[in-house]
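1. Starting from these lines, generate the structure:
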Amino acid sequence: MLKKIGIGIDMVEIKRFIDKPYKNNVSFYKKNFHESEIKYCLDHKNSAQHFAAKFAIKESVIKSLNKQIRFLNILIDYSNSKPVVTLLDNSSYSFLVLQWYYQKKYNLLIYKSDIYYLKILN
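-> Purely as a prediction, here's the structure:
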């Protein structure tokens with residue numbers, strides 16, 4: 001049975017992550033991303049773009065729930081090249097990332113992700 005539907009949208013400037021490289025800001029990244037997320041991003045040449053995407057998705061999740069939740073309670077993984085969101089606080093939420101892309105606009109690279117969730121009642 002469905003109880004509630006929420007929508008969260010967030011845009012992140014990739015430049016914020018370009019200007020905050022991992023090797024100089026390890027504590028920031030460890031406060032916001034899981035080791036598996038950090039490894040995933042650092043394994044890519046354009047790691048700032050991947051960090052920005054994960055950050056935007058996490059912000060979107062928080063906005064869709066309309067409650068405070070720590071970034072480390074949200075895990076972003078991938079299945080068939082699509083983001084999969086898992087809450088680590090034993091919530092019974094199912095998330096669907098409908099749009100996930102980056103665009104160049106006004107000389108800024110911006111990530112946008114729309115998150116829709118359904119709360120499943122037992």
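
2. those helices in this structure, which residues are they?
-> Using DSSP state H, the helices found in the chain span residues 14-18, 26-32, 35-42, 47-65.

3. between the ones you listed, which gets nearest to residue 6?
-> Closest to residue 6 of those is helix 47-65 (C-beta to C-beta; 4.0 Å). The way it works is simple: take the backbone N, C-alpha and C, and place the C-beta from them, glycine included.

4. Show me what counts as buried in that closest one.
-> Within helix 47-65, the residues scored as buried using 16 or more other C-beta atoms under 10 Å are 47-62, 64-65.

5. try stretch 11-29
-> Burial within stretch 11-29, assessed by neighbour count using 16+ other C-beta under 10 Å, is assigned to 11-12, 14, 17, 22, 29.

6. Farthest-apart pair in those residues, please.
-> Within those, two members stand farthest from each other by C-beta to C-beta: 11 and 22, at 21.6 Å.

7. re the thing from before, mind putting the helices of the chain into CSV with mean pLDDT and distance to residue 75?
-> Shown next, in CSV, are these (pLDDT from 0 to 100; distance: least, C-beta to C-beta, whole Å):
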stretch, mean pLDDT, distance to residue 75
helix 14-18, 91, 19
helix 26-32, 98, 12
helix 35-42, 97, 7
helix 47-65, 88, 9
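
8. Output the ones you listed in CSV, with distance to residue 89 appended to each entry.
-> Below are the helices of the chain laid out as CSV (distance: least, C-beta to C-beta, whole Å):
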stretch, distance to residue 89
helix 14-18, 26
helix 26-32, 16
helix 35-42, 17
helix 47-65, 10
